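Fold the stuff below for me.
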Amino acid sequence: MFTEPAIEEPGDRHLLGLRREQKRKFYPGCVRVRVSTEIATSHNGQLILWWLANLLARQFNVVSHIEFDVPAVPMRPGIALFGYQPGLSETLVRTVAQIAGQTVAASIASTAPADIILNVDPRFTKCTDRDYAIWGEGWRCAAAAVLDVPVGVGHVAIGPMLAATLGAAEAFQRITDWQGEGRMQREPLHFSAWDGKAASEWAALRDGPSITELSIEPFYLCGAGAVGQALAATLSYFPERSGHTVILDGDPLDDTNLNRYCLSHRDSPPGKAEACRAILESTRFTVDAQSVYWEKYQELPVPRTNSPILNAFEAAFKYRLIISCVDKNVARHALQNFWPRLILGGSTSGLTTKLSSYDCATGECLKCSNPLPVYPTIEEEAQILRNMTQPDRETVLGQLPPKKAAAVRAYLADPGCGHAAEQYLTELGEIRRREFSVGFVSVASGIFLAVALIQRTLGIGDLAQGDANHFSFSFLSRKPGREFFTRENSCECAGTGGVLFRHLWLN
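Below you'll find the predicted structure:
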């Protein structure tokens, strides 16, 4: 059953919004992953299995034990982005350990009662109410209690990675009973990432192309956190990729990010940008990784990159393609202030993943739907605490170290100008404003970003262009959506910003 997390545990933003009494109704949190020898030796089977291990291990205080009911087969190279061992089962256990340490147990035996059994199997007949099957191949994926999907030989990683997110989501929802709907049996899902559409059967899905060489235009990856790392991970599975990226993120890695960042583990490089560089850089795909934010990058002397193409554009104050994986509106405005030709954005909201294309020539800009925040004053933060009941206030103060919490209590009793507790009140406000985030949603967002980038590279496909500039997928309803948003008349892009954009790109 659920136990209250210790303050030093490595992040559990996926528990935000769940009340204490809801947490006490959690299942014990045991997930069994099962696969046949035939599927365990296949490329797509191992890809799904490794990503399941990655994503399940990050569900701290939800998943407590993962049992891998897998045969003893060799591990294929190029699939495990970390945790690689010669054998498949050893790789899966090692991957969980690198992420979770002792927080999540991993074993090979299948003896404990499992709350859910995830079967990596394209042709599966339901055994019990706990069984669930997932499969992915090419650009397509499927999830259901019963599956009958033909097995092919496609090596595009999109479908298998998405299948793993569906399996991780099923485990999360079964264990937590998220919003009182997570344990209900849902309709089978067959989904194509190429066009963002679901269908009643696998054969009705539109598959994308097989890809060998992939020449990607130079781009800026702004934000190397949860979504940015998922984008980098997806692109890393295209071995013949070529191009250049500038990765910018000023934040360091720390243990509290382990639940969301799919490339982060206990032996990761210290910087988020470096974590992405480590798996993306190759002889044909070059990377500039800077541990700075976008605004600080602009203050660096030119030329700033190892790409002659980007250097030439920067000399003219032009930025053709920015991938926005930042999660704060202040940072989004900073990107839009340079009026790039196109911004592709990935984000999450609850259990919904979002992909957006911001082209000021046809639709809204990154500022339109992302207003700058207005934060409470110190006095307002203090009043929020005073208005709480004492038990609730103590629960909130318990998120601070004891000395800081004591200082805040003293401030609430006797406010004083310049009191040190004012800084701690600001910290509490930031903690209170943290948003729900779970790893599989962020990974899906990064995957869809990769699809949009690849479609732009190939000049075909319209996941988030043409008649739609926004795509979304809900893991709760398991429904995709495509919409087109026009610019806000009150936004800068309808005035001086739009004039500058047209001067830079359309004249």
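
what pairs with F219 across the strands?
Listed by DSSP bridges, the beta-bridge partners for F219 are T245.

residues in contact with L205?
140, 190-192, 197, 199 (Cβ atoms under 8 Å, 6 or more residues apart in numbering). C-beta coordinates here come from the backbone N, C-alpha and C atoms, glycine included.

Check P218 too.
By Cβ under 8 Å, 6+ apart, the contact set of P218 is 243-246, 307, 309-310, 320-321.

quick revisit: need the contacts of L205 in CSV with pLDDT and distance to R20, can you?
Listed next are the contacts of L205 as CSV, based on pLDDT from 0 to 100; distance: Cβ to Cβ, whole Å:
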residue, pLDDT, distance to R20
R140, 97, 40
H190, 97, 38
F191, 97, 35
S192, 97, 40
K197, 96, 40
A199, 94, 41
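
Closest to W339 out of the residues you listed?
K197 (32.6 Å; Cβ to Cβ).

Against W51, how distant is the nearest residue to that closest one once chain neighbours are set aside?
Nearest residue to K197, sequence neighbours excluded (Cβ to Cβ, 6 or more residues apart in numbering): P480, at 6.5 Å. As defined by Cβ to Cβ, to the nearest Å, P480 lies at a distance of 20 Å from W51.

rewinding a little: now, of the contacts of P218, which are buried?
Using 16 or more other Cβ atoms under 10 Å as the burial test, the contacts of P218 include 243-246, 307, 310, 321 as buried.

in the stretch 351-500 of the chain, which spans are helices?
Along the stretch 351-500 of the chain, counting by DSSP state H, counting those that start in this stretch, helices occupy 378-386, 390-397, 402-413, 421-432, 439-458, 496-501.

Now do the last one, average pLDDT.
Taken as a whole, helix 496-501 has a mean pLDDT of 96.

Run through who's touching it.
Contacting residues not belonging to helix 496-501 are listed as 336, 339, 360-361, 365, 367, 487, 491-493 [Cβ under 8 Å, 6+ apart].

and if you look at the first one?
Contacting residues not belonging to helix 378-386 are listed as 376, 393, 396-397, 408, 411-412, 415, 422, 425-426, 428-429, 432 [Cβ under 8 Å, 6+ apart].

Next, format the buried ones among the contacts of P218 as a markdown table and append pLDDT and distance to L476.
Shown next, in a markdown table, are the buried ones among the contacts of P218 (pLDDT from 0 to 100; distance: Cβ to Cβ, whole Å):
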| residue | pLDDT | distance to L476 |
| --- | --- | --- |
| G243 | 97 | 35 |
| H244 | 98 | 38 |
| T245 | 98 | 33 |
| V246 | 98 | 35 |
| S307 | 96 | 41 |
| L310 | 97 | 40 |
| L321 | 98 | 32 |
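
List just the nearest of those residues to L15.
Relative to L15, the closest of those is T245; by Cβ to Cβ it sits at 33.5 Å.

which one of P480 and W51 has more residues nearby?
With neighbours defined as other Cβ atoms under 10 Å, P480 and W51 compare such that W51 has more, 28 against 20.

which residues does that one contact?
The contact partners of W51, by Cβ under 8 Å, 6+ apart, come to 160-161, 164-165, 443.

With that, I have no additional questions.
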